[in-house]
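1. Requesting a structural model of the entry that follows:
(2 chains)
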2 protein chains.
Amino acid sequence: MSVIYTRVALIGLGLIAGSMAHAMRRAGLAGEITGYARSADTRAVAREIGLCDRITDTVAEAVAGADLVVLCVPVGAMGAVAEEIAPHLAPGATVTDVGSVKRDVITQVGPHIPAGVHFVPGHPLAGTEHSGPRSGFAELFDNRYVLLTPEPGTDADAIARLRALWEGCGAKVEEMDADHHDLVLAVTSHTPHLIAYTMVGVADDLRRVTDSEVIKYSAAGFRDFTRIAASDPTMWRDVFLTNKDATLEILGRFTEELFALQRAIRTGDGDHLHAYFTRTRAIRRGIIEAGQDTDAPDFGRVQRKRETPAT
Amino acid sequence: MSVIYTRVALIGLGLIAGSMAHAMRRAGLAGEITGYARSADTRAVAREIGLCDRITDTVAEAVAGADLVVLCVPVGAMGAVAEEIAPHLAPGATVTDVGSVKRDVITQVGPHIPAGVHFVPGHPLAGTEHSGPRSGFAELFDNRYVLLTPEPGTDADAIARLRALWEGCGAKVEEMDADHHDLVLAVTSHTPHLIAYTMVGVADDLRRVTDSEVIKYSAAGFRDFTRIAASDPTMWRDVFLTNKDATLEILGRFTEELFALQRAIRTGDGDHLHAYFTRTRAIRRGIIEAGQDTDAPDFGRVQRKRETPAT
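-> Down below sits the predicted model:
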């Protein structure tokens, strides 16, 4: 790999920014990586572990002279950060972001982007339930999708260059319309997260009755839910507030289906349940065939090892 | 380890029975393992892979002379199988089962157990989304809980011996009341499975609109749901039909909480969402501290490896 950007500024130093720093270094994609976080504690940790080449105490210093600026803050903070960095952006620079919602980010950030600066919104479909500057690792994006949602008329070279960076980080890159992105993600990520949060909350209520049994016997389905429901609260609050319409639409469908299954249980309609469960089993096969998971029977197992990098 | 039972009969040759056969052989816990399945195809596969020492063509042959009989059939079939084996059970033998619901199994099986035969219901909290005689492996029960739910007055020696077998298979064994078991499992397993099935069904509807995007971009939460929703349809149909009351009770609580979160999204109440998500994050820590999962950040990753055995 060769250098794609002379200077990359990472604004917000959590899981995604940290993993980008590691991945860019692994492939030598950036001449210099600067970093800024609002919290002095986060900056101190980032300096201690050498997360970037340079951690700055102001956002202006971080973005000065950068040909790529990556906004890695919660979706709800994107507009304020864009406004703050705008006067300091270099002509010809590209601004991107890693937010899980795209239409709202475009609405927040777009108006602050100066003429001559390119804005290419992005969303890496990758993460863990951990957060903070210590949580990043170079392999996070390997074989994962990054979705870019540039508005029509965006500079093609700027898009191609950002695509090359993500591919250098190990990702597969696709472009789609921002609204369509938000609907697809409401199904594949946002609503499942809300449901997992809800189920874990219900269990927490019951836990007060049965001591630690819910935790102790949390085999099978529930443990995966708790992993999902351990994700960053601020990030997810902002996701639901900014992708409200699509999430509520999918939640409505979910509730309708759930009530149908609930009625089948109440009335003892085993055929309905069996047919439904057979249909959903087929979807799993589709995901395995799409290469987005393996068929290894690790479900419900105790020790999962991090895989070796795919390089 | 030394031999705990002279002859163990496995009735039903799916994931759990197969894994028990492998685990008992690993530790030398059974003098002989016999096996029976209703399906001739299943018996043929079991013979081909040498799953047991002897696969019989009748259930009577399998249980003849066995000092332990393990019912590994779907919960809905337990009563009929118990009735069938009853005349062939050896005096002093123990009958156990591996069903995910316990009160209903006791009601179905109990009346068929002859005098002088011990019935010790059991439930290993372990599984994968795979099923059938080829899906078993010796490590499935390592460090997992097995819950025994014997009725008051059950022979203490019979319970102790079954406990020793499960411990020899790598499991941790605890006893609890059958009704309490069914409530706890409704929270930790049954309701989460129903919710996962529902969400995957909703996505399947949307998939018809957006082609394969739901599968292609199934990072994060949804992929874990599809793994859960790929579990055996017959087993899960029976679970919901036989643990109806507890499942409906927990579903009611779930819906109530979901509606509260849905309203918070609709009204833009970010504080409510953030507080809820912070609370659920703490439960994850409890599970890790309880040793029921690791803190490794593998969530959303592509390749998961099966861990090496703990022993």
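2. Show me what from the stretch 51-200 of chain A comes close to chain B.
-> A:76, A:125-130, A:135, A:137, A:142-145, A:147, A:180, A:183-185, A:187-189, A:191-200 (Cβ under 8 Å from any Cβ of the partner chain). Heads up, the C-betas are built off the backbone N, CA and C, glycines and all.
3. Show the buried residues in those.
-> For these, a burial check counting by 16 or more other Cβ atoms under 10 Å in any protein chain shown picks out A:76, A:125-130, A:135, A:137, A:142, A:144-145, A:147, A:180, A:183-185, A:187-189, A:191-200.
4. among the residues you listed, which are in strands?
-> By the criterion of DSSP state E, membership of those in strands covers A:145, A:147.
5. So which of the buried ones among the residues of the stretch 51-200 of chain A next to chain B sit within helices?
-> A:180, A:183-185, A:191-200 (DSSP state H).
6. mind listing the strands for chain A?
-> A:5-11, A:30-36, A:54-55, A:68-71, A:94-97, A:118-120, A:122-124, A:145-148, A:172-175.
7. Pipe those into CSV and attach mean pLDDT and distance to B:Gly286 per row.
-> Listed next are the strands of chain A as CSV, based on pLDDT from 0 to 100; distance: least, Cβ to Cβ, whole Å:
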stretch, mean pLDDT, distance to B:Gly286
strand A:5-11, 98, 33
strand A:30-36, 98, 33
strand A:54-55, 98, 34
strand A:68-71, 98, 34
strand A:94-97, 98, 34
strand A:118-120, 98, 41
strand A:122-124, 97, 30
strand A:145-148, 96, 32
strand A:172-175, 96, 36
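8. Reformat those strands as a markdown table; add distance to B:Ala115.
-> Below are these laid out as a markdown table (distance: least, Cβ to Cβ, whole Å):
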| stretch | distance to B:Ala115 |
| --- | --- |
| strand A:5-11 | 74 |
| strand A:30-36 | 75 |
| strand A:54-55 | 77 |
| strand A:68-71 | 74 |
| strand A:94-97 | 72 |
| strand A:118-120 | 77 |
| strand A:122-124 | 65 |
| strand A:145-148 | 63 |
| strand A:172-175 | 66 |
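9. where do the helices sit along the stretch 151-300 of chain A?
-> Along the stretch 151-300 of chain A, the segments classed as helices by DSSP state H, counting those that start in this stretch run A:156-168, A:178-185, A:191-210, A:213-216, A:221-228, A:233-242, A:244-267, A:270-289.
10. just so I know, which of those helices lies nearest A:Ile16?
-> Among the helices of the stretch 151-300 of chain A, the nearest to A:Ile16 by Cβ to Cβ is helix A:233-242 (9.7 Å).
11. Is there proximity between the closest one and chain B?
-> Yes: judged by Cβ under 8 Å from any Cβ, helix A:233-242 comes into contact with chain B at A:233-234, A:236-238, A:240-241.
12. what residues go with each domain of chain A?
-> Under the assignment automatic domain parsing, the domains of chain A span A:5-176, A:180-289.
13. Lowest average confidence across these, which one?
-> Of all those, the minimum mean pLDDT falls on domain A:180-289 (a mean of 85).
14. ok now it, how far from the chain's centre?
-> Its chain's C-alpha centre and that of domain A:180-289 lie 18 Å apart, by Cα atoms, centre = their mean, to the nearest Å.
15. ok, back up a step: so among the residues of helix A:233-242 next to chain B, which ones count as buried?
-> The neighbour count (16+ other Cβ under 10 Å) marks A:233-234, A:236-238, A:240-241 as buried among the residues of helix A:233-242 next to chain B.
16. In a markdown table: these, plus distance to B:Asp269.
-> Converted to a markdown table, those look like this (distance: Cβ to Cβ, whole Å):
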| residue | distance to B:Asp269 |
| --- | --- |
| A:Pro233 | 14 |
| A:Thr234 | 15 |
| A:Trp236 | 14 |
| A:Arg237 | 10 |
| A:Asp238 | 13 |
| A:Phe240 | 10 |
| A:Leu241 | 9 |
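17. re the thing from before, could you dump the domains of chain A into TSV with distance to B:Gly110 added?
-> Shown next, in TSV, are those (distance: least, Cβ to Cβ, whole Å):
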stretch	distance to B:Gly110
domain A:5-176	43
domain A:180-289	21
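18. Go ahead and confirm A:Ala229 touches B:Arg285.
-> No: using Cβ atoms under 8 Å as the test, A:Ala229 is too far from B:Arg285 to be in contact (11.4 Å).
19. These two: who's more crowded?
-> The neighbour comparison of A:Ala229 against B:Arg285 (other Cβ atoms under 10 Å in any protein chain shown) goes to A:Ala229, with 30 against 13.
20. Who are the contact partners of that one?
-> A:Ala229 makes contact with A:193, A:196-197, A:199-201, B:277, B:280-281, B:283-284, according to Cβ atoms under 8 Å, 6 or more residues apart in numbering or on different chains.
21. try 7 Å this time
-> Contact partners of A:Ala229, counting by Cβ atoms under 7 Å, 6 or more residues apart in numbering or on different chains, are A:196-197, A:200, B:280-281, B:284.
22. And the closest residue to A:Leu206 other than its chain neighbours, how far from B:Ala275?
-> Among residues not flanking A:Leu206 along the chain, B:Val187 sits closest, at 5.3 Å (Cβ to Cβ, 6 or more residues apart in numbering or on different chains). Going from B:Val187 to B:Ala275 by Cβ to Cβ, to the nearest Å gives 21 Å.
23. could I get the helices of the stretch 151-300 of chain A as a markdown table with distance to B:Thr56?
-> Output for those, formatted as a markdown table (distance: least, Cβ to Cβ, whole Å):
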| stretch | distance to B:Thr56 |
| --- | --- |
| helix A:156-168 | 58 |
| helix A:178-185 | 52 |
| helix A:191-210 | 42 |
| helix A:213-216 | 38 |
| helix A:221-228 | 35 |
| helix A:233-242 | 54 |
| helix A:244-267 | 36 |
| helix A:270-289 | 29 |
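24. So which of those helices is the most surrounded?
-> Stretch with highest mean neighbour count among the helices of the stretch 151-300 of chain A: helix A:221-228 (a mean of 27; mean count of other Cβ atoms under 10 Å in any protein chain shown).
25. Specify the angle between that one and helix A:233-242 in degrees.
-> 90 degrees (axes from the mean of the first three to the mean of the last three Cα atoms, to 10 degrees).
26. Could you list every helix and strand in contact with helix A:221-228?
-> Judged by 3 or more Cβ pairs under 7 Å, 6 or more residues apart in numbering or on different chains; DSSP states H and E, the packing partners of helix A:221-228 are helix A:191-210, helix B:191-210, helix B:221-228, helix B:270-289.
27. which stretch among those helices comes nearest A:Ala60?
-> Closest to A:Ala60 of these is helix B:270-289 (Cβ to Cβ; 28.4 Å).
28. Identify all contacting residues around that closest one.
-> A:129, A:197, A:200-201, A:203-204, A:215, A:218, A:223, A:226-227, A:229-230, A:233-234, A:236-237, A:240-241, B:261, B:264, B:293-295.
29. repeat for stretch A:105-122
-> By Cβ under 7 Å, 6+ apart, the surrounding residues in contact with stretch A:105-122 are A:75, A:78-79, A:82-83, A:86, A:89, A:91-99, A:102, A:146-151, A:154-155, A:158-159, A:162, A:178.
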